[in-house]
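Trainee: The sequence isn't on hand, but the structure is:
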C-alpha cells in the first residue's frame, strides 16, 4: 500500500507533538529522508511550533486556585438576580391592573383611581425589565 502525502500530513501533528507511535515516527522519518519538499514543510512547522512555545512561555498567567469556584458563585448569583428581576418586573407590570370584585362589579384599584401610582409602577417595571434583559444578555454571552 502506497502512503500518500495527505496521509503523512494527517499524521504530522501527532508526530510533531511527540505523541506518535514508534511505527508512525519511523514512517514519517523515512518520508523525510526520501522527500526533501516534505522535510522542508516539517522543518517550517517545527519552527512555528517552537515560536508558539516561546510566546506561551513568555506569558505569565496566574490563576487563583479557586477560580472555578469563584466563577460558579458569580454565575449562581447572576442566575438568582435574573430570577428576582423578572419577578419584580412582572409584579410591577401587572400591579396597576389589580382589581377587586364586589356586588357584581369590578373595581380597579390603581389604574383608574390613582394613575400616578400606576405610572410609577410601570416606570419601575421598565427599569426591572431593562435590568433583567441586561443580566440575561450577560448570561447568554457567557454561554449560559
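Mentor: Right, received. Where do you want to start? Computed from a prediction, not measured in an experiment: that's the story for all the values here. Numbers count the residues shown, from 1 in each chain.

Trainee: pLDDT at residue 114, what is it?
Mentor: On pLDDT, residue 114 comes in at 75.

Trainee: again but with residue 63, I slipped
Mentor: On pLDDT, residue 63 comes in at 63.

Trainee: Show me where the chain has its helices.
Mentor: Remark: helices assigned in the chain by DSSP state H are 5-17, 22-34, 36-58, 67-94, 115-141.

Trainee: and the angle from the first one to helix 22-34?
Mentor: It stands for helix 5-17. Orientation check (axes from the mean of the first three to the mean of the last three Cα atoms, to 10 degrees): helix 5-17 against helix 22-34 gives 110 degrees.

Trainee: OK, contacts around the nearest residue to residue 88 once chain neighbours are set aside?
Mentor: Residue nearest to residue 88 in three dimensions, not counting chain neighbours: residue 128, with 4.6 Å by Cβ to Cβ, 6 or more residues apart in numbering. The way it works is simple: take the backbone N, C-alpha and C, and place the C-beta from them, glycine included. Shown in contact with residue 128 (Cβ atoms under 8 Å, 6 or more residues apart in numbering): 85-86, 88-89, 92.

Trainee: Mind checking the helices of the chain for the one nearest to residue 105?
Mentor: Closest approach to residue 105 among the helices of the chain (Cβ to Cβ): helix 115-141, 19.5 Å.

Trainee: what angle do that closest one and helix 67-94 make?
Mentor: 150 degrees.

Trainee: so how far is helix 115-141 off the chain centroid?
Mentor: In terms of Cα atoms, centre = their mean, to the nearest Å, the gap separating the centre of helix 115-141 from the centre of its chain is 24 Å.
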